[in-house]
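Peer 1: what would the 3D arrangement of this be:
(one chain, ligands or ions: 1)
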Amino acid sequence: MYKSLDTRCVQCGYEPKNGEPRVQPIIQSTTFAYDTPEEMGDLFDLKKAGYFYTRLGNPTLGGLEDKISALEGGVGALATASGMSATTLAILNVCSAGDNFISLSTIYGGTYNLFNVTLRKLGIDCRFVNNHTPAEEIEALIDGKTRAIFLETIANPAGTVADFDKFAAIARKYGILLICDNTIATPCLSRPFEFGVNVVVHASTKYIDGHATSVGGIIVDGGNFVFKDNPRYPGFNVPDDSYHGMVFADCGAGAYILRARVIGMRDFGAQMAPFNAFLTMLGAETLHLRMPRHSDNALALAQAMKSHPAVEWVKYAGLEGDEDHERALKYLDGGRAAGMVSFGIRGGRKAASEFQKSLKLFRIVTHIADARSCVLHPASTTHRQLSDADLEAAGVPANLIRLSVGIEGIEDILSDVIGALDATLK
Ligand SMILES: Cc1ncc(COP(=O)(O)O)c(C=O)c1O
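Peer 2: Reported below is the predicted structural model:
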């Protein structure tokens, strides 16, 4: 394994043999042919490694999985159709009806809805906490059916940084799996396995692809959690009738991702398309160049906006004095906090609308985290069904604007945003 993360971004995941294509080919085939039924049988029994059906595995997906696993420092990964399917499969790999898990409430809105509404309908109870919830209160929420704790490294859109030390200590004390959504930080700014996390999920849709071409997700197994004889995980310790009586805990490191693939992906079928895996892998090759640039541009913009008369407040963990700055220094590469900056505009909804109309470089999109700068006003788009009071309660006030700062030249970024802020004062 290469020591440098930069080298891993460029090189890992695919190594051609003599005379093979230099670039990971797109294997656009649902299925794979064998000479004998015995060979195919051995693949089904996991006696041999190989491909037989793209829902369970495909060489192009395998290249991406190996690259992201190498970047995170994991033992294996599973590519999925979207970030949402990665999180869903990650939770369902350890939870069934009657079980519960703990999650930060400052997480991506789609994930919050999955946990707060949809999983509840399936009988899985999510207990929400935040960075400031005292450890004793979190521990009081844990019972014999608690199967996981879920964090988001940098929360979208809250911009908070997860308190890894606190949650990892609790997870260790109770033998509970710690799962983290590392989408916004990416492995180039933070590697949660180094802070006690056991499973990482990604919306590769965001920075990993980085060019807004491909919706996708990845689950990475840190291989650092012992399922064997842990009573919280019957799904890993009781012979699985649906998979030849297999006891997954006996597989050691990598048991989690193996089960996610042969049970979760087999049954839910949320696999990534090979073409998306190809594009995502191409994007990942420059992740190490893009993330520092996103972060540096975002910090320069956040600093410039802070003193602007049209700005009420700026939330960016990279800013000195920010509530999350200490955690950013501790858990993110040199305090680099990626490209997402939120701010409150003076003048409410009217000013928010004028600001967005005046922007030229920043386009209005329901997306973040690609090379191009973009903007979103949640109160008039993604959260438009909520009243101002509900918005406040959800931590997304009506005057909040989310900027996703791209990798363009900082002079153009500053002139676009500061010019549009000036326009709201006229
Ligand atoms: C932090 C985070 N996690 C998960 C998701 C969901 O990803 P996808 O849109 O690929 O399903 C998103 C999407 O914005 C996100 O920002």
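
Peer 1: give me phi/psi at the residue of the chain at minimum distance from the ligand?
Peer 2: Using C-beta to the nearest ligand atom, the closest approach of the chain to the ligand is made by G83 at 2.3 Å. All C-beta atoms are positioned from the backbone trio N, CA, C, and that covers glycine. When quoted as degrees, to the nearest 10, the phi and psi of G83 stand at phi -60, psi -40.

Peer 1: quick check, it in contact with G217.
Peer 2: Yes. At 4.3 Å, G83 and G217 qualify as touching, with contact defined as C-beta atoms under 8 Å.

Peer 1: so what sits against both of the two?
Peer 2: Jointly contacting G83 and G217 under the rule C-beta atoms under 8 Å, 6 or more residues apart in numbering are V201, H202, A203, S204, T205.

Peer 1: report the secondary structure state of the second one.
Peer 2: Spelled out, it's H202. What DSSP: H, G, I helix; E, B strand; the rest coil gives for H202 is strand.

Peer 1: spatially nearest residue to it, not counting backbone neighbours?
Peer 2: I218 (4.5 Å; C-beta to C-beta, 6 or more residues apart in numbering).

Peer 1: ditto for the last one
Peer 2: Beyond its immediate neighbours in the sequence, the residue positioned closest to T205 (C-beta to C-beta, 6+ apart) is V215, lying 4.7 Å away.

Peer 1: enumerate every residue touching the closest residue to the residue of the chain closest to the ligand other than its chain neighbours.
Peer 2: In this structure, G83 finds its nearest non-sequential neighbour in A203, 2.4 Å apart by C-beta to C-beta, 6+ apart. Contact partners of A203, counting by C-beta under 8 Å, 6+ apart, are S82, G83, M84, A86, Y108, D181, T183, G216, G217.

Peer 1: now those residues as JSON lines including distance to G254 and secondary structure?
Peer 2: As requested, those are exported to JSON lines (distance: C-beta to C-beta, whole Å; DSSP: H, G, I helix; E, B strand; the rest coil):
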{"residue": "S82", "distance to G254": "23", "secondary structure": "coil"}
{"residue": "G83", "distance to G254": "22", "secondary structure": "helix"}
{"residue": "M84", "distance to G254": "24", "secondary structure": "helix"}
{"residue": "A86", "distance to G254": "17", "secondary structure": "helix"}
{"residue": "Y108", "distance to G254": "27", "secondary structure": "coil"}
{"residue": "D181", "distance to G254": "21", "secondary structure": "strand"}
{"residue": "T183", "distance to G254": "23", "secondary structure": "coil"}
{"residue": "G216", "distance to G254": "22", "secondary structure": "coil"}
{"residue": "G217", "distance to G254": "19", "secondary structure": "strand"}
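
Peer 1: tell me which two of those residues sit farthest apart.
Peer 2: By the measure C-beta to C-beta, the contacts of A203 have their two most distant members at Y108 and G216, which lie 15.1 Å apart.

Peer 1: how close does the closest residue to G175 other than its chain neighbours sit to E194?
Peer 2: Spatially, and ignoring its direct neighbours in sequence, G175 is nearest to N230 (5.3 Å; C-beta to C-beta, 6+ apart). Distance of N230 to E194, given as C-beta to C-beta, to the nearest Å: 22 Å.
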